[in-house]
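Participant: here is my input; please provide its structure:
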Amino acid sequence: MPQEKPHILVIVGPTASGKSDLAIALARELYGEIISADSRQVYRSMDIGTGKVTKREQKLARHWLLDVASPTRQYTVAHFVRDATKAIRDITKRGKLPIICGGTAFWIDALVYGQSIPDVKPDPKLRARLQKLSASQLFAKLQKLDPARANSIDRHNPVRLIRALEIVMTTGKPVPQQKSEPRYNAHWIGVSRAQEELKARIEKRLDARLRHGMIAEIKKLHTNGVSWKKLESFGLEYRWIARFLQKKITRTEMRTALLHDIIAYAKRQLTWWRKNKEIRWVKN
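Facilitator: Sure thing, here's the model as predicted:
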């Protein structure tokens, strides 16, 4: 008789929708532990810019996969699937409920639906060739070679674009997409907000982060050895504040561009998740 798949709860939704608050509340109610599915919160010393839950909030419910990597290194979807799988096994073994919560859609689908992410080693020669291309040229190339991955990636992020191209050009085939048979008994919740309400929340949160030291945090990362190029590769807050700190743009230009990009990112997240008919949408 086949063994029953582990039950997990998956909480998704656009940035600033309130996913973390809901995850903590449900973890306390359902005897659960939270596995963060955020491609930037895995990095140490990237707290304000990523909206990482505070130490106080972490005491309310145990969190996994926060602060597990140095921002000078690359933590990939393959690393996430490996580490999240171990965490689910550990949590389930102790009779608790694993709760996956985050906004990195590609990572969550890779975990739940068991895509085999190729463990492709960096190719210095190929990367050197690709680094000569602009972000728009890299994106156009990825659209031809792996249109599904291009649909989910940050098209302005050369580091991620080069990595995606490195995988498809090395293996000769696109990264496998969602399979019909999931690895887990996944129960999906999507956190929904009205469009104008979400925009207002994004703007309010951005201004709060700017007041509470986000610029200083990113400046300290650079002082501690994270290059401007690496900071920009993290996208959104890190891209625009790194440019501001290099005096390439004014503070007003930084805030305007950043707000625009965060709102656009939230739209891309919603577009991805609306395709998943298993998600039960709730207003938090």
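
Participant: residue 188 is in contact with residue 280, correct?
Facilitator: Yes - counting by Cβ atoms under 8 Å, residue 280 does reach residue 188; the two are 6.4 Å apart. Quick note: C-beta positions are derived from backbone N, CA and C, even for glycine.

Participant: neighbour count: those two, which is higher?
Facilitator: Taking other Cβ atoms under 10 Å, residue 280 and residue 188 do not tie; residue 188 has more neighbours (19 against 8).

Participant: contacting residues for that one?
Facilitator: Residues near residue 188 by Cβ atoms under 8 Å, 6 or more residues apart in numbering: 10, 12, 276, 278, 279, 280.

Participant: can I get the helix or strand of the chain with the lowest mean pLDDT as PDB, trimmed to CA atoms?
Facilitator: None of the helices or strands of the chain scores lower by mean pLDDT, DSSP states H and E than helix 147-152, at a mean of 83. C-alpha atoms of helix 147-152 as PDB (Å, rounded to 0.1, in the frame of the first residue of the first chain):
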ATOM      1  CA  PRO A 147       9.600  30.800 -22.700                       C
ATOM      2  CA  ALA A 148       8.000  29.300 -19.500                       C
ATOM      3  CA  ARG A 149      11.000  30.400 -17.400                       C
ATOM      4  CA  ALA A 150      11.100  33.800 -19.100                       C
ATOM      5  CA  ASN A 151       7.400  34.300 -18.000                       C
ATOM      6  CA  SER A 152       8.300  34.100 -14.300                       C
END
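
Participant: buried ones in that helix?
Facilitator: Residues of helix 147-152 classed as buried by neighbour count (16 or more other Cβ atoms under 10 Å): 149, 150, 152.

Participant: from what I can see the first one touches residue 168, true?
Facilitator: Spelled out, it's residue 149. Yes - applying Cβ under 8 Å, one finds residue 149 in contact with residue 168, separated by 7.4 Å.

Participant: mutual contacts of those two, please.
Facilitator: By Cβ under 8 Å, 6+ apart, the residues touching both residue 149 and residue 168 are 142, 174, 175.

Participant: what's the closest of those to residue 82?
Facilitator: residue 175 (15.6 Å; Cβ to Cβ).

Participant: what's the closest residue to residue 203 other than its chain neighbours in contact with, if anything?
Facilitator: Closest residue to residue 203 apart from its sequence neighbours, by Cβ to Cβ, 6 or more residues apart in numbering: residue 259 at 6.0 Å. Residue 259 is in contact with 202, 203, 206, counting by Cβ under 8 Å, 6+ apart.

Participant: again with residue 7
Facilitator: Neighbour list for residue 7: 97, 184, 185, 186, 187 [criterion: Cβ under 8 Å, 6+ apart].

Participant: and for the second one, the neighbour number?
Facilitator: Put plainly, it is residue 184. 20.

Participant: the residue lying closest to it once chain neighbours are set aside - how many residues pack around it?
Facilitator: In this structure, residue 184 finds its nearest non-sequential neighbour in residue 8, 4.7 Å apart by Cβ to Cβ, 6+ apart. For residue 8, the neighbour count with other Cβ under 10 Å is 24.

Participant: residue 8 is in what secondary structure piece?
Facilitator: If you go by DSSP states H and E, residue 8 is part of strand 7-12.

Participant: after that strand, next one along is what?
Facilitator: Criterion used, DSSP H and E; the element after strand 7-12 is helix 19-30.

Participant: show the subsequent helix or strand relative to that following helix.
Facilitator: strand 32-36.

Participant: describe which strands that following strand pairs with in its sheet and in which direction.
Facilitator: Pairing partners of strand 32-36, with direction, according to DSSP bridges: strand 63-64 (parallel), strand 97-101 (parallel).
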